[in-house]
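Student: coords below, sequence missing:
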């Protein structure tokens, strides 16, 4: 009996300690498993080609074989890589209730119309600066979440960006690891991610953006939204909340009629959080400027409230000093014993 228990315990430990196995049918990890495998180019830049099998085997791409993304590799060992991975490639995986193989193509088509996409007329410097798929995306480990935390109707609309409506609700429970939030990042992480480029005034200035765009991060952080995010809120609007729809990648300039911040779409965007939105509400500046010429109302209101705040504080301090002076003059002693207290009787009132 004891021997059986020891055997069972040993098997459990063995199963728990065994490494995860990635989709490596062609044994690419025979070379890429080494931590320092890579090369140095002619400019001295080092490229690391190591792949951690345990991380890869627990990622969302764990069932995708290497050459399903690296389709240009036709032999192993392969020649030097000269092409980038195309995320629009079809995978061998077939999603539930879908007639087509899985592909990110629909999302990439949306991205290619956005303000972040590389355009033919872009300069080499602008092409280099624009964010690509891997710049924004994590490769998170599979994490199951409580389905009660998921807003069903809201997240189902995201599924319909790629999946057929018929049957997708049956597959819904299998996709909860991506549906807990609008993105896989927290609000704080999203603001930090967007700020990597947009708060770099030297970088943004090279692309002839407006003064308002140059100060977008600064003015957002000054707003009620930015202050709430800085304090840890997970309910307040972040960058994506206002600048993208459920498709997430459809970020356009505000003059584009498809933009969520276009004047004709702004009310619907604000209604995501503010149910009582009206034509007056949408005129409130989300990125408030405090300069007199651009926004005199906010400028003078700021001055008024600063006077009100500091005036109230200084008035309270003044009243305390006058009270203290009066009591000392009347012979009442101020003691620091068991807290602060006044002892004695007033000379004026006996």
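Tutor: Arrived safely. What you see is a predicted model; the values in this text were computed from it and never measured.

Student: In which helix or strand does the residue positioned nearest the centre of the chain reside?
Tutor: For the chain, residue 190 is the residue whose C-alpha lies nearest the centre (Cα atoms, centre = their mean; 1.8 Å). Residue 190 is located in helix 187-198, with elements delineated by DSSP states H and E.

Student: again, but for residue 47
Tutor: Counting by DSSP H and E, residue 47 is part of strand 46-48.

Student: Mind giving me the packing neighbours of that strand?
Tutor: Where contact means 3 or more Cβ pairs under 8 Å, 6 or more residues apart in numbering; DSSP states H and E, strand 46-48 is packed against strand 38-40. Backbone N, C-alpha and C define where each C-beta goes, glycine included.

Student: what packs against the strand it packs on?
Tutor: With contacts taken as 3+ Cβ pairs under 8 Å, 6+ apart, strand 38-40 sits against strand 46-48.

Student: Return the distance of the strand it packs on from the chain's centre.
Tutor: From the chain centre to the centre of strand 46-48 is a distance of 27 Å (Cα atoms, centre = their mean, to the nearest Å).

Student: Where does pLDDT dip in the stretch 101-250 of the chain?
Tutor: For the stretch 101-250 of the chain, the stretches with pLDDT under 70 are 139-153, 164-184.

Student: Now do the helices in it.
Tutor: Using DSSP state H, counting those that start in this stretch, the helices assigned to the stretch 101-250 of the chain run over residues 105-112, 124-129, 133-136, 152-159, 168-171, 187-198, 201-205, 211-214, 216-222, 224-230, 239-243.

Student: mind putting the ones you listed in CSV, distance to residue 118 included?
Tutor: As requested, the helices of the stretch 101-250 of the chain are exported to CSV (distance: least, Cβ to Cβ, whole Å):
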stretch, distance to residue 118
helix 105-112, 8
helix 124-129, 5
helix 133-136, 12
helix 152-159, 25
helix 168-171, 32
helix 187-198, 14
helix 201-205, 16
helix 211-214, 19
helix 216-222, 21
helix 224-230, 29
helix 239-243, 19
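
Student: Between those helices, which one is closest to residue 273.
Tutor: Closest of the helices of the stretch 101-250 of the chain to residue 273 is helix 239-243, at 7.5 Å (criterion: Cβ to Cβ).

Student: Following the chain onward from the closest one, which element is next?
Tutor: With DSSP H and E, the next secondary element past helix 239-243 is helix 266-270.

Student: C-terminal to that next one, which secondary structure element comes first?
Tutor: Following helix 266-270 toward the C-terminus (DSSP H and E): helix 296-329.

Student: Report pLDDT for the spatially closest residue to residue 71 that is not a sequence neighbour.
Tutor: Leaving aside its chain neighbours, residue 71 sits nearest to residue 89 (6.1 Å; criterion: Cβ to Cβ, 6 or more residues apart in numbering). For residue 89, the model assigns a pLDDT of 77.

Student: residues in contact with residue 89?
Tutor: Residue 89 is in contact with 68, 69, 71, 103, counting by Cβ atoms under 8 Å, 6 or more residues apart in numbering.

Student: do residue 255 as well
Tutor: Listed by Cβ under 8 Å, 6+ apart, the contact set of residue 255 reads residue 262.

Student: just residue 296 next, same as before
Tutor: Applying Cβ under 8 Å, 6+ apart, no residues qualify as near residue 296.

Student: what does the one 3 residues further on give?
Tutor: Contact criterion Cβ under 8 Å, 6+ apart gives 290, 291, 292 as the residues in contact with residue 299.
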